[in-house]
Every structure is written in C-alpha cells, then in structure tokens.
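A.B. asks: Turn this into a structure:
(3 chains, ligands or ions: 1)
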Amino acid sequence: MYSKDMMNLLKEIMAVDFVLYELGLFLDTHPNERRALEDHNNFAKKSHQLKTAYEEKYGPLHINSISGFPYQYINDPWPWEIQYLGRESDVVL
Amino acid sequence: MWYYEKKLQYPANVSRTDLGMAKFLYAQYGGPDSELSAAVRYLTQRYTMPIPQAKAVLTDIGTEELAHWEIIGTLIYKLTDGATPEQMRRAGVGNYYAQHDKALYPADAAGVPWTAAYIQSTGDPIADLHEDMAAEQKARTAYEHLINLTDDPCVIAALSFLREREVVHFQRFGETLMLVREYLDKKHVY
Amino acid sequence: MSVPEDIGKEKGLFAAYKLAEAYIPIQIYGETFDPKAALIHGTLFPELYRPYPVRPKV
Ligand SMILES: [Fe+2]
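C.D. replies: Down below sits the predicted model:
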C-alpha cells in the first residue's frame, strides 16, 4: 500500500511546507523583511522539487497535477487513512 | 479559490482506539472555539479588512485552520477505527452511534451542532481582530484541557502542535492589530 | 505625598502607549528551527515556542 520511502518523502514535504507556511504568515505582517523573503523563496523551490519527485513515484497530490492512466489522484490512501510510520517513535518524526 | 492538497499539515497518529477521547476531541471539531469556527470566522471577516496585510493574514490563517480541522477529523477517525456498536455503547457514545454511526459530524463534545452563532463579523477591523486574538487564546486553553485528558503520546504530540499554532496565530493577529490601528490613525489625521 | 523616583522611567517606557488600547511587540526575524524541528515544535521560531507542561496521568 505505502512504503517507508513514500512515508519519508511525504514527511519531508510536510516539514518543508510547514516552514514555507510559517514564513508566509510572517511575511504577511512583515512584507519588507528581505531575509525572510529569501528563505521563503528558497523553501518554495525545495517544496516544488520534492513534490515533483513524490508525484512521479507515488501519484498526484493535486487535482491539477499530471497523472498516468488510469487517473491516479483518487488512489488510496487518503491523508486521514495513513498510519504514519512508527508509533511512539513517530512523535519525533 | 482553494485546491485540496492530498496531505495533512502534521502527521497525526494514534496509539490505540479510544472512544472517550474521540468524543472529547469534538470540542475542537464542532465546538464554539473549534477549528471549524476559526476557519469560518477568519475567512468571513477578511472581506472588510482595510489593509493588504490584514486581508492576507485572515485568508492564510483561515486556510490553515481548515488544515487543523482536518487533523482533528483524522484523530477522531483513527480513534474510532474498528470500534463495534457494543464497544461504543459501553464507552458511553451509543447516542452518537444511533445518529451518526462512526461518521464525523460538526458538533461539540456534548453533541450540540455547530452554529454560526459561535462567530461574529462586525465590519469593524479593530473589534474583529480582538475577537480573533481571544479566539486563539480560547483554542489554546481548549488544547490544554484535551492534553490533560489523554496519555496517548501520539495524540498529545498532535494536540501540542495544534496548541502551539494558536500561540503563533495570536502573535500574527496582534501584529495585524498594530498595523490596522496605525493605518486608521493616519487616515484620521489627513 | 512623595512620588517615587522611578515613576518617570516608567512613564518613559510607556510614553508611546495609549490607555484603552492593546499592544503586541512586532516580531524581529532571527534564528529559525530546521524543517523537521519546526514541525515537531509547531513553529519555525524558537522565540514563539511556548510548550505546555504535560502532567503525568494517573
Ligand atoms: Fe488558530
């Protein structure tokens, strides 16, 4: 169903996208903070790279992503169904 | 507009089935200070915000609250996964099963359905931002109550994440309040 | 009635503040957590990290 590699890549995307969102919220109230904007743009590039790699291997994350045949966006597991690997150890990702 | 991204903001796990905890988590799924209230409150108030920073903050925090609503939904789904009607009855949630089986429903921990009466939208950005800051504090304390009700380390980790987000949101709304007041002060001078 | 000497200092500190208004300091961009640590802490910013002490359960 899903492999350890898929899980690790997905968690890496989660971590990078979280930083990107934090920087976005910070910039919402600090639009003139150049260093935060540079970090934001670097993480945006990183996020794009990771998602491209993920989607090539494991299928679309978005309704508007390119998909193989048959349409793969609908495939299980959906986010709430995933057992993010490791139980207690997963607390520390 | 919005697009769904097929991932959670935080990898929410549970260690075991816990029907009682699932019931308590409804406080944040459909209660007064729930993630649903937060999302609808901010995404509704944003239209009458006077400056770009405020429109952005309400849009982006409102959107993040939808992702938090999904995390709470995931925790409830996982905590009830595999439970039988008999187990639900014994855990004191037979009334929930009677009406909803194990489907999620936007109600609070006592079963009261979610209502727009939980939020306000006054058209006064100062008043609305004070409501938003208060809402973040109420959600923060709700997460502390929920953390006190469980010993599942996975659930505690997810709730601690959500609680910390309320602290960050409070800071951003506070900064927005300062910016909006500065803007209104200048406007009244000229 | 004598006025404490440091009241002037306090006035200086709060000179820019008006009564009946709420204030919050504007955050300054400084150190940040790396991505995994940020996700674990729930924030990118160490100065905004306010952990809740988890009580041992009976
Ligand atoms: Fe929030």
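A.B. asks: need the contact list for residue B:81.
C.D. replies: Contact analysis of residue B:81 by Cβ atoms under 8 Å, 6 or more residues apart in numbering or on different chains lists residue B:17. The way it works is simple: take the backbone N, C-alpha and C, and place the C-beta from them, glycine included.
A.B. asks: can you tell me how far it sits from residue B:34?
C.D. replies: Distance from residue B:81 to residue B:34, counting by Cβ to Cβ, to the nearest Å: 21 Å.
A.B. asks: give me the residue from chain A nearest the ion.
C.D. replies: In chain A, the residue that lies nearest the ion is residue A:25 (10.6 Å; Cβ to the ion).
A.B. asks: pretty sure that residue contacts residue B:60?
C.D. replies: Yes. Residue A:25 is within contact range of residue B:60, at 5.7 Å (criterion: Cβ atoms under 8 Å).
A.B. asks: From the centroid of chain A, which residue is nearest?
C.D. replies: Nearest residue to the geometric centre of chain A (Cα atoms, centre = their mean): residue A:13, 2.9 Å.
A.B. asks: any idea which element that one lies in?
C.D. replies: If you go by DSSP states H and E, residue A:13 is part of helix A:4-29.
A.B. asks: which helices and strands sit right next to that helix?
C.D. replies: Judged by 3 or more Cβ pairs under 8 Å, 6 or more residues apart in numbering or on different chains; DSSP states H and E, helix A:4-29 is in contact with helix A:34-58, helix B:52-80, helix B:153-189, helix C:35-41.
A.B. asks: Tell me where the model's unsure across the chain.
C.D. replies: All of this is about chain A. A:1, A:85-93 (pLDDT under 70).
A.B. asks: actually it's chain B I care about, not the one you picked
C.D. replies: B:190.
A.B. asks: Spell out which residues of it are next to chain A.
C.D. replies: Residues of chain B lying close to chain A by Cβ under 8 Å from any Cβ of the partner chain are B:3-13, B:15, B:52-53, B:56-57, B:60-61, B:64, B:70, B:73-74, B:77-78, B:153-154, B:156-157, B:168, B:172, B:175-176, B:179.
A.B. asks: Quick one, which of the residues you listed are buried?
C.D. replies: B:6-13, B:15, B:53, B:56-57, B:60-61, B:64, B:70, B:73-74, B:77-78, B:153-154, B:156-157, B:168, B:172, B:175-176, B:179 (16 or more other Cβ atoms under 10 Å in any protein chain shown).
A.B. asks: what subset of those residues is also close to chain C?
C.D. replies: Okay, of these touching chain C (Cβ under 8 Å from any Cβ), that's B:10, B:156, B:168, B:175.
A.B. asks: what's the closest non-adjacent residue to the second one?
C.D. replies: On the basis of Cβ to Cβ, 6 or more residues apart in numbering or on different chains, the spatially nearest residue to residue B:156 that is not a chain neighbour turns out to be residue B:147, at 5.6 Å.
A.B. asks: which SS class is that neighbour?
C.D. replies: helix (DSSP: H, G, I helix; E, B strand; the rest coil).
A.B. asks: Serialize the helices and strands packed on helix A:4-29 to a markdown table and add fields for distance to the ion.
C.D. replies: Compiled in a markdown table, the helices and strands packed on helix A:4-29 are given as follows (distance: least, Cβ to the ion, whole Å):
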| stretch | distance to the ion |
| --- | --- |
| helix A:34-58 | 21 |
| helix B:52-80 | 6 |
| helix B:153-189 | 4 |
| helix C:35-41 | 16 |
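A.B. asks: Let me have those in JSON lines, extended by distance to residue A:71.
C.D. replies: Shown next, in JSON lines, are the helices and strands packed on helix A:4-29 (distance: least, Cβ to Cβ, whole Å):
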{"stretch": "helix A:34-58", "distance to residue A:71": "13"}
{"stretch": "helix B:52-80", "distance to residue A:71": "23"}
{"stretch": "helix B:153-189", "distance to residue A:71": "31"}
{"stretch": "helix C:35-41", "distance to residue A:71": "31"}
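A.B. asks: List the buried residues of the helix holding residue A:13.
C.D. replies: Buried residues in helix A:4-29 (16+ other Cβ under 10 Å): A:6-7, A:9-29.
A.B. asks: Can you list the low-confidence ranges for chain C?
C.D. replies: Counting by pLDDT under 70, the ranges of chain C that qualify are C:1-14, C:58.
A.B. asks: If you drop the residues flanking it in sequence, what lies closest to residue 24?
C.D. replies: Assuming you mean chain A. residue B:60 (6.1 Å).
A.B. asks: The chain in question should be chain C.
C.D. replies: residue B:174 (3.0 Å).
A.B. asks: what number of residues lie near that neighbour?
C.D. replies: 21 (other Cβ atoms under 10 Å in any protein chain shown).
A.B. asks: try residue C:47
C.D. replies: Residue C:47 has 12 nearby residues by other Cβ under 10 Å.
A.B. asks: What separation is there between it and residue B:160?
C.D. replies: 18 Å.
A.B. asks: before we move on, what about residue B:123?
C.D. replies: The value you get for residue B:123 to residue B:160, if Cβ to Cβ is used, is 36 Å.
A.B. asks: Neighbour count: those two, which is higher?
C.D. replies: residue B:160 (21 against 9).
A.B. asks: contacting residues around that one?
C.D. replies: Counting by Cβ under 8 Å, 6+ apart, residue B:160 touches B:143, B:147, C:42, C:51, C:52, C:54.
A.B. asks: got the contact list for the second one?
C.D. replies: The reference is to residue B:147. B:156, B:159, B:160, B:163, C:52, C:54.
A.B. asks: Done for today, thanks.
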